[in-house]
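Enquirer: 3D model of this:
(chains A, B, C and D)
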There are 4 protein chains.
Amino acid sequence: MKGFIESITPQLIQWRRDFHQYPELGFTEYVTSYKLAKELERLGFTIHIGKDVMKQEARLGIPSSKELQFYESKAIKHGVEKDILDRMQGGMTGVIATWNTGRPGDHVALRFDIDALPIQETRETSHFPHQQGFTSLNEQVMHACGHDGHMTIGLGVASFISDYHERLCGKFTLLFQPAEEGGRGAKAITANGWLDDVDYFYSGHIGIESLPVGTVAATVDGFLASSKLNVTFKGVSSHAGMKPELGKNALLAASSAVSSLYGISRHSGGITRINVGKMMAGSGRNIIPADAYLEIETRGETEEMNSYMQNEAKRIIKASAMMQGVEYQIEAVGQTEQLKGSNELISSIEIACDKGKYIEQVWPVALVSGSEDASFMMNRVQANNGLATYMLFGTPLDFPHHHPSFDFQEDVLPVAVEALTNIIQTNHSNK
Amino acid sequence: MKGFIESITPQLIQWRRDFHQYPELGFTEYVTSYKLAKELERLGFTIHIGKDVMKQEARLGIPSSKELQFYESKAIKHGVEKDILDRMQGGMTGVIATWNTGRPGDHVALRFDIDALPIQETRETSHFPHQQGFTSLNEQVMHACGHDGHMTIGLGVASFISDYHERLCGKFTLLFQPAEEGGRGAKAITANGWLDDVDYFYSGHIGIESLPVGTVAATVDGFLASSKLNVTFKGVSSHAGMKPELGKNALLAASSAVSSLYGISRHSGGITRINVGKMMAGSGRNIIPADAYLEIETRGETEEMNSYMQNEAKRIIKASAMMQGVEYQIEAVGQTEQLKGSNELISSIEIACDKGKYIEQVWPVALVSGSEDASFMMNRVQANNGLATYMLFGTPLDFPHHHPSFDFQEDVLPVAVEALTNIIQTNHSNK
Amino acid sequence: MKGFIESITPQLIQWRRDFHQYPELGFTEYVTSYKLAKELERLGFTIHIGKDVMKQEARLGIPSSKELQFYESKAIKHGVEKDILDRMQGGMTGVIATWNTGRPGDHVALRFDIDALPIQETRETSHFPHQQGFTSLNEQVMHACGHDGHMTIGLGVASFISDYHERLCGKFTLLFQPAEEGGRGAKAITANGWLDDVDYFYSGHIGIESLPVGTVAATVDGFLASSKLNVTFKGVSSHAGMKPELGKNALLAASSAVSSLYGISRHSGGITRINVGKMMAGSGRNIIPADAYLEIETRGETEEMNSYMQNEAKRIIKASAMMQGVEYQIEAVGQTEQLKGSNELISSIEIACDKGKYIEQVWPVALVSGSEDASFMMNRVQANNGLATYMLFGTPLDFPHHHPSFDFQEDVLPVAVEALTNIIQTNHSNK
Amino acid sequence: MKGFIESITPQLIQWRRDFHQYPELGFTEYVTSYKLAKELERLGFTIHIGKDVMKQEARLGIPSSKELQFYESKAIKHGVEKDILDRMQGGMTGVIATWNTGRPGDHVALRFDIDALPIQETRETSHFPHQQGFTSLNEQVMHACGHDGHMTIGLGVASFISDYHERLCGKFTLLFQPAEEGGRGAKAITANGWLDDVDYFYSGHIGIESLPVGTVAATVDGFLASSKLNVTFKGVSSHAGMKPELGKNALLAASSAVSSLYGISRHSGGITRINVGKMMAGSGRNIIPADAYLEIETRGETEEMNSYMQNEAKRIIKASAMMQGVEYQIEAVGQTEQLKGSNELISSIEIACDKGKYIEQVWPVALVSGSEDASFMMNRVQANNGLATYMLFGTPLDFPHHHPSFDFQEDVLPVAVEALTNIIQTNHSNK
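Expert: Reported below is the predicted structural model:
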């Protein structure tokens, strides 16, 4: 076993660097999904793509058809086979790989997210991917959250299952999920029933906290329920000097909304959050602005807290539109649920990881914040009395996630593969 | 004389369509200026370019050096001669053409603006330039305010002066001004002293009001003094879920500013206006926004009214920044003065235009609104006891100025040339 | 005639000081109306009170029944006769006095307003009413706008008509109007038809501009149409520490409304105004405020401009309520129309006043601002082709109208009586 | 002992009803303090009043000298002795009563608050004080938070100490504190050193939670640190129709402040609160408002959280003033610290209360919210290694605290006296 990790490490590095060079945004991971499918097929897994992966209409925040077509053409140039691309058409990306040992045992699912971010990677010479020559080749897109590492870990785990399947029992489902950023993809996979009979669910993240390589958290607590809303206000433009009174000012409506949104009352029941992360409004200086666009996120410690925030936000947006006599539209483009790892898993993970060569320390629970759409999967598993966890794999971070200079230490990759394969071997094999 | 207009009309059309195909933004009119200079030189005028035209530091709203360099490279590809480009380098565009008859007489100046707008021209097949195959060849740039016509009229007048100079007396200065949009260029020409000894000043606009071709207004009243301000707020970003309190919210500061700016008190002394025409703020949905950008315009019936608005606006912006603990910067990127045509000119223009073959009707004064930086020139001329007017040349408009489908009837070109050359012949010749 | 002014002057002073000591608020002028009725009856006029004066439901901003009852009880103590008080009950104050000469001629109406303001008169020893011992005896109520003078002038004119009726022709209607402050009474008198067949209408004000005594303006221009609105927001209170999310914040709704109201767009059609003059909201520091109250005034150069402002304001108030999920109510408590004196009257007034002993100078038109509900009367008269004017009677003002130290020079009283009686004698007598 | 409670109960009821009839606002408890002093003196305590009680300048939110004088004159009419009143002059109310047993032992302090609220007591016939004829005789002042009960309990405890002093050991300090409402008095008593050497500190509240009579909480957790701020904005008034631009709008500044205050960012470190509980602004409808007044409260789970809120609030208020060019003043009128009962006391209180005849149930810790200035005393005691608790004494509440119909069941009084005297007897006697 230990030999397995050692021997696969060079391959992990190679996978990771390749993924890093070809980052793709949520629901446009055509090339990435194709590569994953090919690799997983090679390893002997049964491959599911396209409509088998996600319930089409349960996806959130789908790119415009113009954008999808642009990336689909690009995929063809990158050598994605026509029939595979056809099945993924319209943003139906992601891959699910299954392996049935044929022996009685648990249904174990593992989830790895695969999308990148709309960030231009730094050109600083001190940036490690730059030094090693594997920076992003896609303009304005970057793996700045470590999902290139996550996929790599997933392929490492898949290799292990493939190599050692004779010692294992039960079924394994590897979920390579698109569009985690913005909470857009997990809900649609869950809606297709993939998690309905899962007994054990493992997922996780590298980084988050800046921990030393070798440190692993068995589970986390603190992810918040969240809703991501895009809002557009549509007014009437008019010459601001000649006929200001004929305008219906969308920018002013949006500004009123912003002021009032941050003023939503705190809730005595627990943590709440609101943010207007982006605003774009108006056309020219001397025109009463007819258009405004806002990107909003609400969060709550529980679904109930988040619903409170969301309902308040929706009423405020409606009222702000009325304030200026403009029209408005609210689009739900992402959602996460609150997330709480199953405490029952902690000790078995601690035991499994204890045998690690690369793992140095296991934290039982890490307190994190933020939002994760793996929550949809975990909550479904837990609802059916399965156990689910979200682990952390430590790596020091010189720059935070989503930063143009984000990078992680590649040593975390064998640590994570060791943790997950030790768990599989310890808990889901014949021993 | 009437023969002159008739014979030059085909040339007018040709000039206009050529200018229309190669629109350039304010202070990047390298190709346009070069073409004008060549043509005016050919006609026998003395040409002034570069630092002779404008006082460099009196310009407002200069593009970034990156943009300037981009357009300068492009100009070389378009065949602009190196030594001429060198003199215009850094956005020192525009051309002034002078003709001294050698005979005693008035100093007459005429002004024509030459810049285009950051608008993508429509591709509708019903659009006249499209039908005739002369739509803009520059992406995202369009002559959507008729300055292509203005330059054409200027060349028509120049041809007349060249042809008939022996009958004329005094001096003629033709000001082909860059960067009228946003009120950015006229001040810098004025600051170079070009208007200091002018006795008669003529300028004008095609369109504005949707009048029939053949209608001319001798002068206008109602242009407002204005200031164009760009505002940036600089805060501190932070994760909106994990550490919202560490952020300093620039978007929220900008929203407060917007609400308060529109609330600047009306002034009992006269007309005032305020508009925030554009806002761009924030980066990602879950990040406390660290950046915000506003485009603002204040106006007033008089300089005093506009100063009141500008001072109120500046205090509000400062206070809005303090409200969120963010930093701010205000950049003055454009300015116009109030403008009032000299009534003394009305009757002489009416008399001169009465002889027109193309002119059908002369309005003494048209009431307009909006802002014009010809105001700087006119106010300088009037301050030295010269007479100045801003005329209108009627053309029906199916779409307003600054619209992607804007167009004018080319018949207005000979009308305008006839009006201006009749005035020159009637008032500034030996008769 | 000149003897008349001289001989009545001591009486004018006495009337004025008596009125000044017993100021009464709009629609509670029970004592004032009673005294006027008695005096006018004594002079031989036919007296109209109660429902004869005003259309009950056309009044605006009526005090609460509790307040009305309070002042009615007080009126009894002041000796107002029971049957007269009964007719005025419920705020039906004011007196109209008519005199028919029996000779053919014009119907001439004059209007004098009679109400005071909710202001505590100063106790400064330099205040003239204090020195002469005639300051207000009613706590928190003061004649701080000169209506005590207006009534006095009205009685002076009445005395003249009574004394000289044999020389006069036509009919005379003297309107002693309640509740001018806030624009609440004139509409209801007009609604009763009193102005329907009036040929000549005279009204006016002492002061306004700080002119020397002896200066008279024949008419004015510039009064704005206006609407006075009281707004209440009704939310839900909650403990601000324990359960803030259960509150519905009326104070916050009102604050949003205020910010947006001042931001109503300027109108290219002419002068507009908006003011929120008063706000009271909330109960205790640690309670989410459940109540808020605003006093608002909109104005416009024309009815149309004012309607624009009023409609914008109403939509904003509704939206502000929705913003916080609170209820709201808008009460129209006052209204004035735009007002323009009939220019046809200017020369006849100039001629009539030329003969004055006390009058030193006549201005044809004074430009004023503010609002006046005499506008309802004037517009009705003008609509029926009658002529109407609003005059000014000069007096220096050390303190502005509505100030606790407001006072006027009593010398203005004979000037005003002379002006009005000269006009009557010149234009409405047998000569 | 049980006989003591039984025998004193009628006296408790009588004290309570008398206090209820004569409620006095914070720092004007002249009559109340006088009565307490007389009663405590009668029981044999050493009495401390005036400057001995509080550090004068450490008080917060002192009434105006006009108000203080008004209540001082009233106190004389109520029979308060001149020399005692002189010592309390200027709002130096409150009484501290000490008893030294002369035997070695702990220094035990108990605190009872004595002030009432600016609320008009209901006249509903169903209101118990009304039925029994002991409603407030002071207009607009009411014991609506149960401090009449607290003082009564204090006198009950004092009676016990007086009766049983021979069995007790150590020293007893009874703090009858003025101005608890708004967090204004405790800090000034603490500043005088009274808590510096206290070993055991007991305080508490009747009600809060609507618990059955007989239930007692040994201590509480959850009181928030808080700051109470009064804010005034001072602008310039101007006629809103004639010269709006000359005004500096204090109401608009206050409205901006309100909107921004509620928008202060949530804090990841814990609970925060902000409320603007009251706003009064402006004078008349047609005057640009020159004055505005706000009552604000910030809260935080810790001092640090509350400081964050307070600092944000102060910056926003300053910026809002600048927004309109008005002046502002912030007055700190109250403060509380976070409060956490000493858990070490819980079991000894449980044991002591176990012997009660009236006590039925003891909760170890009740989770409450709100703010309490006993926190200053408790934090001082705990800082010096003393133990401090804040107890609850259950009573059902038909109406919440601070409601015009607030009332408690008088049966809670013997329960509370029993709890406190049992504690004294069990823990601070020779046994």
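Enquirer: count of neighbours near the residue in the stretch 1-150 of chain A that chain D sits nearest to?
Expert: Nearest residue of the stretch 1-150 of chain A to chain D: A:Cys145, at 20.5 Å (CB to the nearest CB). All C-beta spots, glycine's among them, are computed from the backbone N, C-alpha and C. Other residues near A:Cys145 number 25, with proximity taken as other CB atoms under 10 Å in any protein chain shown.
Enquirer: before we move on, what about A:Glu303?
Expert: With other CB under 10 Å as criterion, A:Glu303 counts 13.
Enquirer: how much space between it and A:Asn311?
Expert: Taking CB to CB, to the nearest Å as the measure, A:Glu303 falls 12 Å from A:Asn311.
Enquirer: tell me the secondary structure of the residue of the stretch 1-150 of chain A closest to chain D, please.
Expert: coil (DSSP: H, G, I helix; E, B strand; the rest coil).
Enquirer: residues in contact with it?
Expert: A:Ala116, A:Leu117, A:Glu181, A:His401, A:His402, A:Phe406 (CB atoms under 8 Å, 6 or more residues apart in numbering or on different chains).
Enquirer: for the third one, what are its contacts?
Expert: Spelled out, that is A:Glu181. Applying CB under 8 Å, 6+ apart, the residues contacting A:Glu181 are A:Gly26, A:Asp115, A:Ala116, A:Leu117, A:Cys145.
Enquirer: can you tell me which of the residues you listed is closest to C:Ser307?
Expert: Nearest to C:Ser307 among these, counting by CB to CB, is A:Gly26 at 50.3 Å.
Enquirer: hmm, the closest one is touching A:Ala186, no?
Expert: No - counting by CB atoms under 8 Å, A:Gly26 does not reach A:Ala186; the two are 11.2 Å apart.
Enquirer: now list whatever residues contact both of the two.
Expert: In contact with both A:Gly26 and A:Ala186: A:Glu180, using CB under 8 Å, 6+ apart.
Enquirer: in space, what's closest to A:Cys169 - neighbours in sequence excluded?
Expert: A:Gly105 (3.3 Å; CB to CB, 6 or more residues apart in numbering or on different chains).
Enquirer: in contact with the one you found, which residues?
Expert: A:Leu168, A:Cys169, A:Gly170, A:Lys171, A:His428.
Enquirer: assign it to helix, strand or coil.
Expert: From three-state DSSP, the assignment for A:Gly105 is coil.
Enquirer: again, but for A:Val333
Expert: Looking at A:Val333 with three-state DSSP, the answer is strand.
Enquirer: spit out the contact partners of it.
Expert: By CB under 8 Å, 6+ apart, the neighbours of A:Val333 are A:Leu60, A:Gly61, A:Gly182, A:Arg184, A:Lys228, A:Leu229, A:Asn230.
Enquirer: what does A:Leu155 give?
Expert: A:Leu12, A:Trp15, A:Leu36, A:Glu39, A:Leu40.
Enquirer: please redo it, this time with the cut-off set to 7 Å
Expert: A:Trp15, A:Glu39 (CB atoms under 7 Å, 6 or more residues apart in numbering or on different chains).
Enquirer: for the one 5 residues further on, same thing?
Expert: Going by CB under 7 Å, 6+ apart, A:Phe160 touches A:Phe4, A:Thr421.
Enquirer: show the pLDDT at it.
Expert: On the pLDDT scale, A:Phe160 is placed at 97.
Enquirer: and A:Gly222, by the same measure?
Expert: 82.
Enquirer: which residues touch it?
Expert: A:Leu367, A:Val368, A:Ser369.
Enquirer: that one belongs to a strand?
Expert: Yes - under three-state DSSP, A:Gly222 falls within a strand.
Enquirer: still on that earlier bit, near chain B, from the contacts of A:Val333?
Expert: A:Lys228 (CB under 7 Å from any CB of the partner chain).
Enquirer: the closest residue to A:Asn138 other than its chain neighbours: what secondary structure?
Expert: Closest residue in space to A:Asn138, ignoring its immediate chain neighbours: A:Pro23 at 5.6 Å, by CB to CB, 6+ apart. Following three-state DSSP, A:Pro23 is assigned to coil.
Enquirer: where's A:Pro23 relative to chain C, distance?
Expert: 41 Å (CB to the nearest CB, to the nearest Å).
Enquirer: want to try JSON lines for the contacts of A:Glu181, with distance to D:Asn138 as columns?
Expert: What follows is the contacts of A:Glu181, written out as JSON lines (distance: CB to CB, whole Å):
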{"residue": "A:Gly26", "distance to D:Asn138": "68"}
{"residue": "A:Asp115", "distance to D:Asn138": "69"}
{"residue": "A:Ala116", "distance to D:Asn138": "71"}
{"residue": "A:Leu117", "distance to D:Asn138": "66"}
{"residue": "A:Cys145", "distance to D:Asn138": "66"}
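Enquirer: list the contacts for A:Tyr262?
Expert: A:Ile274, B:Leu252, D:Gly263.
Enquirer: surely the last one meets A:Gly263?
Expert: To tie it back to what came earlier, the one meant is D:Gly263. Yes - the criterion here is CB atoms under 7 Å, and D:Gly263 meets it with A:Gly263 at 4.6 Å.
Enquirer: is it fair to say A:Gly183 lies in a helix?
Expert: No - assignment of A:Gly183 by three-state DSSP gives coil, placing it outside any helix.
Enquirer: tell me the secondary structure for A:Gly154?
Expert: helix.
Enquirer: surely it touches A:Leu175?
Expert: No - contact criterion CB under 7 Å: A:Gly154 and A:Leu175 do not qualify, at 8.7 Å.
Enquirer: give me the common contacts of those two.
Expert: Common neighbours of A:Gly154 and A:Leu175 (CB under 7 Å, 6+ apart) are A:Leu110.
Enquirer: residues from the stretch 101-250 of chain A in reach of chain C?
Expert: Residues of the stretch 101-250 of chain A lying near chain C (CB under 7 Å from any CB): A:Met242, A:Lys243, A:Pro244, A:Glu245, A:Gly247.
Enquirer: wait, what's in contact with the last one?
Expert: Read it as A:Gly247. A:Gly235, A:Val236, A:Ser237, A:Ser238, A:Ile288, C:Ser265.
Enquirer: test for you: state the pLDDT assigned to it.
Expert: In this model, A:Gly247 carries a pLDDT of 93.
Enquirer: rewinding a little: what's the PyMOL line that selects buried ones from the contacts of A:Glu181?
Expert: Buried residues within the contacts of A:Glu181, by 16 or more other CB atoms under 10 Å in any protein chain shown, are selected in PyMOL with:
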select buried, chain A and resi 26+115+116+117+145
